[in-house]
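# Can you look at this prediction? I've put the sequence above it.
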Amino acid sequence: MHITFSPSAQAALKPYLADGNRQIKLLYDTEGCGCVVSGVPALQIVESGGPDEALGNGDPFPFWYEPRFEVFFEPKMRVDFDESRHAFSLKSDGQIYTNHMRLLQS
């Protein structure tokens, strides 16, 4: 899995990653959804990946994700940030996953 972060997304994320001790995780949030196929993608700031997580290729940021949820995503995606709405988006060439992706901090 590969994610390209737009320049605006990079600028929005850099303050959270500036100390070098935190990383990004692509979270597939199923809490409150009732079913695993109704999950919602989110970005999470974490200190490191967990034992069941894999490190994905990102440009310029690598990111953690849970391989069991990889089936819900395409191999190449983009994260953008709309400053006027203060919202991240997750897209691919085939679809828009969300135009209002949350950023969670651990």
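Ah, there it is.
# Can you tell me the element the residue nearest the centre of the chain falls in?
Nearest residue to the geometric centre of the chain (C-alpha atoms, centre = their mean): residue 26, 3.3 Å. According to DSSP states H and E, residue 26 maps onto strand 23-29.
# chain center to that strand, what's the gap?
5 Å (C-alpha atoms, centre = their mean, to the nearest Å).
# what packs against that strand?
With contacts defined as 3 or more C-beta pairs under 8 Å, 6 or more residues apart in numbering; DSSP states H and E, strand 23-29 has these neighbours: helix 7-17, strand 40-46, strand 63-65. To be clear about C-beta, it is placed using only N, CA and C from the backbone, and glycine gets the same treatment.
# Quick one: mean pLDDT for the first one?
For helix 7-17, mean pLDDT rounds to 96.
# Pass me the low-pLDDT residue ranges in this protein, would you?
30-38, 106 (pLDDT under 70).
# Recalculate using a threshold of 80.
29-39, 106 (pLDDT under 80).
# related to what we said a few turns ago, any idea how far the residue nearest to the centre of the chain lies from residue 84?
Noted for residue 26: a distance of 24 Å to residue 84, by C-beta to C-beta, to the nearest Å.
# cool, residue 105 as well?
Taken as C-beta to C-beta, the span from residue 105 to residue 84 is 22 Å.
# likewise residue 97?
Taking C-beta to C-beta, one finds residue 97 at 20 Å from residue 84.
# Of those two, which one has the most company?
Taking neighbours as other C-beta atoms under 10 Å, residue 97 and residue 84 compare with residue 97 leading, 18 against 5.
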